[in-house]
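Undergrad: got a structure for you, letters missing:
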């Protein structure tokens, strides 16, 4: 059973959430621009320095809505590039047995007399007179990480993360979500893009779902713009001979009508969109599943983005025919069934409200492409979560059509046990994050199933 502290916090949490949901129902607001965070949300400021191993920055990517993302770039991106997976891989000899274990999470930096490549990369990345001078703002105008575009940088997979909050609360820059994304970025060795989608009831369905897919389109556009940017600095013929690139040409970028760069430098230097993973938390898992289905439908239109896997953490599924857990655990911890029904009423348009809505029930027919085309799906469920049975049933449907879709069930756990602020640092939450990293690395590793242990 959950601890007494969890039970007490659950009572307090449900009281506050019910009060907020009822206020939203009594005072409906229609705001096309939308909101992606609430005033009562405790947020964590972005920090473009690797102060704790992960640099972050916020980007507003849609001028017509409040859609934004927070990028989490792990410090491992400063390591030398991974060797070519097509070449024969020879395991390096290490005097220290612990070194080989570290190597499974990233290529070790090879140090040279005097300085290491990582030191050089970081030295070149922070604001210098060259970078500041290019911006025309004087020396020291920007103290964050700014990668060099004319060097061979290490490429990392990209993970799109969708936060929870019952459609009406939560944000991508909250303290809890910031901690979760930082930990996932370091454990999985990926660039995390946490999506700040529009919240209900200001923007009801399909706003949040469209925002999720819009970010995937934005990622594809960024990858293509980065390739175009590279062509601006390439000179020389195709016979192997080349001309040295001038220093001024190396700083050329694709800009918009206002002179601002259209290419996001962190993603251009370190992102590998061909290894894209989706991770959704609670209602964010519903968005992740929708984005995965839309990616399957889009096919080559999203090139070079390829969704290789998705992780659904205690998805926010429901249906008109109750499952065993929906009956037995209807009054469970944190998010009980009555509370979730209020959230769905705020999220779905009044003329479309149904517990068998395609966004709510994954088992209804006609939701999109055939299940056999879906990417590998890891489902995380909690023992004391009333939504667990429907998530497990969805996973079973995927397995019937030979989609890799394991289920990780955690004993004595509650809904959002691995993402709620109070529970984030518990041993069970930490173990869940590590389990997710082990499974995800099977599909993002350049060396096959190297991490499937």
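TA: Cool, the structure landed. Just so we're clear, the structure is a prediction, and the values are computed from it rather than from any experiment. Numbers count the residues shown, from 1 in each chain.

Undergrad: now do the same for residue 24: its pLDDT.
TA: On pLDDT, residue 24 comes in at 79.

Undergrad: over to residue 417?
TA: Residue 417 carries a pLDDT value of 96.

Undergrad: contacting residues for it?
TA: Applying Cβ atoms under 8 Å, 6 or more residues apart in numbering to residue 417 gives the contacts 314, 382, 410, 423, 426, 428-429, 432. Where you see a C-beta, it was placed from the backbone N, CA and C, and this is true even at glycine.

Undergrad: mind doing that once more with 7 Å?
TA: Residue 417 makes contact with 382, 410, 423, 428-429, according to Cβ atoms under 7 Å, 6 or more residues apart in numbering.

Undergrad: run a quick neighbour tally on residue 333.
TA: Using other Cβ atoms under 10 Å, residue 333 is surrounded by 23 other residues.

Undergrad: Validate this expectation: it resides in a helix.
TA: No. Residue 333 sits outside any helix when classified using DSSP: H, G, I helix; E, B strand; the rest coil, being coil.

Undergrad: pretty sure it sits against residue 11.
TA: No. At 8.9 Å, residue 333 does not count as touching residue 11 under the criterion of Cβ atoms under 7 Å.

Undergrad: excluding chain neighbours, what is closest to residue 223?
TA: residue 273 (4.7 Å; Cβ to Cβ, 6 or more residues apart in numbering).

Undergrad: just to revisit the earlier point, and the contacts of residue 417, which is closest to residue 51?
TA: Distances from residue 51 to those, taken as Cβ to Cβ, are shortest for residue 429 (22.7 Å).

Undergrad: most neighbours of all the contacts of residue 417, which one?
TA: Within the contacts of residue 417, residue 382 tops the neighbour count with 29 neighbours, counted by other Cβ under 10 Å.

Undergrad: helices of the stretch 201-350 of the chain, start to end?
TA: Remark: helices assigned in the stretch 201-350 of the chain by DSSP state H, counting those that start in this stretch are 207-233, 247-250, 265-270, 283-298, 324-328, 337-347.

Undergrad: can you list the low-confidence ranges for the chain?
TA: By pLDDT under 70, the weakly predicted segments of the chain are 82-142, 150, 229-261, 447-453.

Undergrad: in it, what residue spans correspond to strands?
TA: Here the chain has its strands, by DSSP state E, at 54-60, 68-74, 156-162, 191-196, 271-281, 307-313, 377-382, 407-410.

Undergrad: buried ones in the shortest one?
TA: Judged by neighbour count using 16 or more other Cβ atoms under 10 Å, the buried positions of strand 407-410 are 407-408, 410.

Undergrad: now render these as CSV, adding distance to residue 346.
TA: As requested, those are exported to CSV (distance: Cβ to Cβ, whole Å):
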residue, distance to residue 346
407, 29
408, 30
410, 29
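
Undergrad: start to end distance for stretch 146-158?
TA: End-to-end distance for stretch 146-158: 18 Å, by Cα to Cα, to the nearest Å.

Undergrad: stretch 313-323 now?
TA: Terminal-residue distance, stretch 313-323 (Cα to Cα): 19 Å.

Undergrad: kindly reformat the strands of the chain as a markdown table containing distance to residue 20.
TA: Shown next, in a markdown table, are the strands of the chain (distance: least, Cβ to Cβ, whole Å):
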| stretch | distance to residue 20 |
| --- | --- |
| strand 54-60 | 24 |
| strand 68-74 | 22 |
| strand 156-162 | 20 |
| strand 191-196 | 19 |
| strand 271-281 | 19 |
| strand 307-313 | 22 |
| strand 377-382 | 23 |
| strand 407-410 | 27 |
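
Undergrad: wait, which of those is closest to residue 294?
TA: Nearest of these to residue 294, taken as Cβ to Cβ: strand 307-313 at 9.6 Å.

Undergrad: residues in contact with the residue nearest to residue 223?
TA: So residue 273 contacts 158, 219-220, 223, 304-305 (Cβ under 7 Å, 6+ apart).

Undergrad: change it to 10 Å
TA: Residues counted as contacts of residue 273 (Cβ atoms under 10 Å, 6 or more residues apart in numbering) are 155, 157-158, 191, 216, 219-220, 222-224, 226, 267, 302-307.

Undergrad: could you do residue 396 as well?
TA: Taking Cβ under 10 Å, 6+ apart, we find residue 396 in contact with 363, 379, 405, 407.

Undergrad: just give me the closest of the contacts of residue 417 to residue 208.
TA: Nearest member of those to residue 208, counting by Cβ to Cβ, is residue 382, at 22.8 Å.

Undergrad: give me the number of residues near the nearest residue to that closest one once chain neighbours are set aside?
TA: Once flanking residues are discounted, residue 382 sits nearest to residue 413: 3.7 Å by Cβ to Cβ, 6+ apart. Neighbour count for residue 413, taken as other Cβ under 10 Å: 25.

Undergrad: residue 413 and residue 51, how far apart?
TA: Distance of residue 413 to residue 51, given as Cβ to Cβ, to the nearest Å: 31 Å.

Undergrad: quick check: phi and psi on the residue lying closest to residue 38 once chain neighbours are set aside?
TA: Once flanking residues are discounted, residue 38 sits nearest to residue 169: 5.7 Å by Cβ to Cβ, 6+ apart. Phi and psi for residue 169, reported as degrees, to the nearest 10, are phi -140, psi -180.

Undergrad: quick check: residue 169 touching residue 347?
TA: No. Between residue 169 and residue 347 there is no contact under Cβ atoms under 10 Å: 11.6 Å.

Undergrad: what touches both of these two?
TA: Contacts common to residue 169 and residue 347, judged by Cβ under 10 Å, 6+ apart, are 199-200, 283.

Undergrad: could you find the closest non-adjacent residue to residue 369?
TA: Leaving aside its chain neighbours, residue 369 sits nearest to residue 296 (4.5 Å; criterion: Cβ to Cβ, 6+ apart).

Undergrad: ditto for residue 337
TA: Distances taken as Cβ to Cβ, 6+ apart put residue 330 closest to residue 337, at 4.2 Å, once the chain neighbours are dropped.

Undergrad: neighbours of that neighbour, just the number please.
TA: Neighbour count of residue 330, defined by other Cβ under 10 Å: 13.

Undergrad: which residues does it contact?
TA: Residue 330 sits in contact with 322, 336-338, 340, 386, where contact means Cβ under 10 Å, 6+ apart.

Undergrad: related to what we said a few turns ago, which one of residue 169 and residue 347 has more residues nearby?
TA: Ranked by neighbour count (other Cβ under 10 Å), residue 169 and residue 347 place residue 347 first, with 26 against 22.

Undergrad: is the more buried one in contact with residue 208, as I believe?
TA: Yes. Under the criterion of Cβ under 10 Å, residue 347 makes contact with residue 208 at 7.8 Å.

Undergrad: what residues are shared contacts of these two?
TA: Shared contacts of residue 347 and residue 208, counting by Cβ under 10 Å, 6+ apart, come down to 167, 199-200, 283, 286, 359.

Undergrad: distance of the residue nearest to residue 422 when sequence neighbours are not counted from residue 309?
TA: In space, and not counting its chain neighbours, residue 422 is closest to residue 9: 5.5 Å by Cβ to Cβ, 6+ apart. Distance, residue 9 to residue 309, by Cβ to Cβ: 32 Å.
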